[in-house]
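Trainee: Sequence and predicted structure are below.
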Amino acid sequence: MSSRSPNKLARIGLAGAALLALGACDREERDTSRQPKPETISLASSDPRAKEYENSSFHISQGQRYYSWMNCSGCHALAGGGGMGPPLSDDEWRYGGRMEDIVQTILKGRPNGMPAFEGRITEQQAWQLAAFVRSLSAQPRQDVLPGRSDDISNAEPQTLEERRPQQSESNTTLPSAEKD
Amino acid sequence: MRRRLLPLLPLLLVGSACSVDGIQSVGGRDGQGGAAIADLFGIFLVATLLFAAVVAAFLGAAALRRRGRRADGIEDPEGSGTERPLKTGLIVWIAAVAIGLFGLTLASHLTDRSMARALPDPASALRIEIVANQWWWDVRYHFRDPSRDVRTANELHLPAGVPAHVTLKSNDVIHSFWVPNLAGKQDLIPGRITDLMLIPRKTGVYRGQCAEFCGMQHAHMALDVTVEPREAFERWRAHNAAPAVPPTNALTRAGYDYFTTRECSTCHAIAGTPASGQVAPDLTHFASRRSIAAGTLPMSRGHIYAWIADPQGPKPGNAMPYIGLEADELHAVAAYLESLK
Amino acid sequence: MTVLSGKDLPRDGEMLQGVALHARLEATWRREPGFWGWLTTVDHKDVARRYIVTALIFLALGGVLALAMRLQLAKPENALMGPDRYNQIFTMHGTTMMFLFAVPVMEAMSVFLVPLMIGTRAISFPRLNAFSYWVYLSGGLLLWVAFVLNVGPDVGWFAYPPLAGPEYGTGKRADVWAQMVTFTEVAALCISVEIVATILKQRAPGMTLARMPVFVWVSLVVSLMVIFSMPAVTLASGFLLSDRLVGTHFFNPFEHGDALLWQHLFWFFGHPEVYIIFLPGAGFVSEIVATFSRRPVFAYPAVVLAVVAIGLLAFGLWVHHMFATGLPRLGYSFFTAASMAVAIPSGIQIFCWIATMWSGRPRFEVPMLWVVGFIVTFVLGGITGVMLASVPLDLQLHDTYFVVAHFHYVLIGGAVFPLLGAFAYWFPKFTGRMMGDGLGRLSFWITFVGFHLTFAPMHWTGVMGMPRRVYTYPVGMGWDQLNLLSTAGAFVLATGVLLFLVNAAVSIARGRVSGPNPWDAAGLEWATSSPPPPYNFAHIPVVSSASPLWDNRHHLPVMTGLRVDDRELLLTTVMEAKPDLREPSPEPTIWPLVAAAATGGTFVASIFTPWAVVIGAVPVAAALTFWFWPKVAPTPEPVAE
């Protein structure tokens, strides 16, 4: 009787899925707690928090939003190609390319123009930004990388041009575009 | 079948009647559009229920009708004597359904057209621009004299009887602007500008809500709408066009200092202070609003504390981070925000 | 009838009858023994049975998700689950029900019934049929394994970009959704092609188009609808995947793409989809009503024309899902009129079914109860559908719980009720046993009451302004009691469906043995044993009316002369069903399974890298090559006639 066997198959499939779930997918976790990850004192080169942020597509995509919101793109360009500031999408790092180095760069600032963001953003946000910055040069795992941001070329859609002449006096610039 | 269907009739009518008084209900007759829609709803309800009643009666009769004794076997359709009247019935039924639907289509079309015709010229209306963000509403009032402009968030004040032309845009994903008591919904689509005319007829307090699924906190993207007399609206406008109240005591002064120099001002703006972040709701007259975080919490001292202490508790996933304020900082910032009437 | 020539080959006919014939046919058509046979079978009845069982498992899973949602919404500000989990759950519920339950189960019913109803030995392209099942199964597993791993899609079953696009659809969740759609599209297209070919070329001699059972007409129309509508969503999900994976900009307004393009493509598929699910329900009802009223369905030409009309109109009203997007107003009136117009053919069908009962002598067996439940519920769903077609009303009601109520009335009332009726009706044909009557009646009443208890209150919650897809709602909106009522109703409804499934399980083991035609029905599927043998019919029946078993009560004429040493089918002409050709039907083989595994692997891997398409093409091509490799030279055969 053929109808019994698919049942069995499905059960095996589910059992397999459950097994896989034990090694679950942190990369998809929407960790909204925003409590900073507990800091464990470590003199080793790598901070344990690095992996947690870097292996989470959620944190990287949050970092992507902040990158544009905090106007990082103003100097480093939206895709990290550089401009007034150094490019972030290559493999050269003036002040170290590990997560904790980048977090330090963001929080403390660096000479020649990189401002210090300590106190202006939370530490959590700095880690998320750092994870995004590393994703610009494809450092984290392939399967957590975010997609491109839509407005990558910084152009206003043509469809946003005013349709009614009498509105031309109004300020229709989108807030996000104002910073760019 | 008839027995089962009949109780539904009064229920439907009661249902549409009891919804009139909600602050977020379709049956509301508080805006010009809303009234026409409620009338149309009534027409549709009565007409379609009439057809449903005919079907139910036919079904009930077909099931229960007494039949003469006949040799048990397959019905001979031609000989049974019911075939011809049923064929006539089918033709009458098709005609009735077609005429009914034509009438309803016409009613719908005429309502739509008359609503569109009744709209005043947008040039003469109050001009409001709403930009939707995940998950809050950025609201700006534009006037010929830019010094009269108002910027607020998650609330809308409208003078009764005055048409308001709302221009709708989105900063991220597709949202939908919907204040059911005043008008139908209109999507906000990135890359496009849409618009909507609101003509409130009655003063009152209403609620609007995002009606297109827009991500994690779609459920907490509401909008408080206050329709008030012209003079009251003008007072509100003048008050809200003014910069924020400066801090008056040591506690609010400390809150002001924290707000304008630390994390808060990176995203939020308060007019008249150095805080000028553009990616989060404008907080200039925060404490005068009816709710916090796009309708998530009612406005009160306790909820202000709760919100800034842990914004991810009541509205997980929203863009405001957990700051980790010390107790004295929390007191100060909350007191300052509460003073922003 | 014509006796085909070719003297040396064994054929059914006067020389070969009864037990000897059955033994020869059995040896030719049966599947290989054991597990291997289970993997390689191409028998349409085996494939359809496993399709149905799999779809029912997905129904149960989707139902559990529905209960979870109802629990969360039972009271305001409920903390049972957070937004992230809830959004995944409602997306999974919609996706599972639409793509993994409703469409596959309806197509599976066609796969099982159509060859029996038209009197042929096998479906056309049986290996494609087996392939289709394995592809469908992999798509379902992909979605559910992803869900268990917290990669379940959270963007709604409609996946509007930009929310599902590269910037806002974080991680792999939306990719899983889009790729699952690809799987189910491939599976559905395969079946549709088979059904169309089977119906047009394999009908029993004498079964002209005008003598086809209504359900066969429905299967034909639905399959053509799938063939015309699925490419739209194939295109859309392909665009979405390439936006997300390789940086194209189809839906990105900032680079001259358009977010609304998705909605047009999706609903151009999505609205016909609703009728693809509903029309088979109408087909079931037509068969059941005729059998239990003991007369052919009233005004058969009107019913068939109504089915065809719905199939055509379905393609002209997708914009009524987009009234709030701000498209030009004048065009809206056209879509309002088209949406309203669907009510005319639906009204014709309802009238004809009731007229069939009126002029016959209805026996209210369990399948008939489901039909009555269907008519009551579907009419109410139709009413709200007419309301939603009106632009001003839709602008208010769109995306509220009113719409949730509407489409559950139409989909559960209009498709699932008839489906459960069809299960009860054809259960003897599937299993050889009758379904329990007492439990059957009980499960109908509990399901019917539970359904209305769940979904009727949602009309009011919608009118009172509750939007869809919210994971919670504030206190004091007046929605509390209605939501609690819906939650309570959902559990009653689930109990009813569970009882139905229990009844089915018990009846498979212990039901009364049914015999070939327990309901004394008229269709050809009742002319063979229950369950049918692998070859369906010992002799191909010959049809001279629309109710063959009623009009030839004592002796159904047959035609003879098909080979019994090889899988041979009789092909007939498209319009008149005159004998045309004899055609070999493929043997069982493992290659459809291998090809499906290769295809599935390629699809899944291409979520992660576009190179998978290139690399995966190799095993897919290899499997297809072996699949189509000719093993023996076909015996030259004289053409009949």
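Mentor: Yes, it's here.
Trainee: from here on, contacts and neighbour counts on C-alpha atoms
Mentor: OK.
Trainee: which residues touch whichever residue of chain B sits closest to chain A?
Mentor: When scored by C-alpha to the nearest C-alpha, chain B has B:E263 as its residue closest to chain A, at 4.1 Å. Under the criterion of C-alpha atoms under 8 Å, 6 or more residues apart in numbering or on different chains, the neighbours of B:E263 are A:119-122, B:323.
Trainee: What sits closest to it if chain neighbours are left out?
Mentor: Once flanking residues are discounted, B:E263 sits nearest to A:R120: 4.1 Å by C-alpha to C-alpha, 6 or more residues apart in numbering or on different chains.
Trainee: so what pLDDT did that neighbour get?
Mentor: In this model, A:R120 is scored at 91, pLDDT.
Trainee: A:Y53 now?
Mentor: Reported pLDDT for A:Y53: 86.
Trainee: host element of it?
Mentor: helix A:48-54 (DSSP states H and E).
Trainee: Which strands and helices lie in contact with that helix?
Mentor: Counting contacts by 3 or more C-alpha pairs under 8 Å, 6 or more residues apart in numbering or on different chains; DSSP states H and E, helix A:48-54 packs against helix A:57-69, helix A:123-136.
Trainee: which secondary structure elements does the shortest one contact?
Mentor: The one in question is helix A:57-69. Applying 3+ C-alpha pairs under 8 Å, 6+ apart, one finds that helix A:57-69 contacts helix A:48-54, helix A:123-136.
Trainee: Out of those helices, which one sits most buried?
Mentor: With neighbours taken as mean count of other C-alpha atoms under 10 Å in any protein chain shown, these reach their highest mean count in helix A:123-136, at a mean of 26.
Trainee: quick one: average pLDDT of that helix?
Mentor: 90.
Trainee: for stretch C:32-41, same thing?
Mentor: pLDDT averaged over stretch C:32-41 gives 92.
Trainee: Just the buried positions in that stretch, please.
Mentor: For stretch C:32-41, the neighbour count (16 or more other C-alpha atoms under 10 Å in any protein chain shown) marks C:38-41 as buried.
Trainee: Please flag which of those sit within strands.
Mentor: Using DSSP state E, no member of those falls in strands.
Trainee: Pipe the helices and strands packed on helix A:48-54 into CSV and attach distance to C:L411 per row.
Mentor: As requested, the helices and strands packed on helix A:48-54 are exported to CSV (distance: least, C-alpha to C-alpha, whole Å):
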stretch, distance to C:L411
helix A:57-69, 36
helix A:123-136, 44
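Trainee: if we compare those, which one ends up closest to C:N150?
Mentor: helix A:57-69 (12.4 Å; C-alpha to C-alpha).
Trainee: need the residues of the stretch 101-250 of chain C near chain B, please.
Mentor: C:154-156, C:161-163, C:168 (C-alpha under 8 Å from any C-alpha of the partner chain).
Trainee: quick one: low-confidence ranges for the chain?
Mentor: If you meant another chain, say so; for now it's chain A. Counting by pLDDT under 70, chain A shows low-confidence ranges at A:1-26, A:33-46, A:140-180.
Trainee: my bad, the chain I had in mind was chain B
Mentor: Looking at chain B by pLDDT under 70, you get B:1-21, B:27-28, B:33-34, B:68-81.
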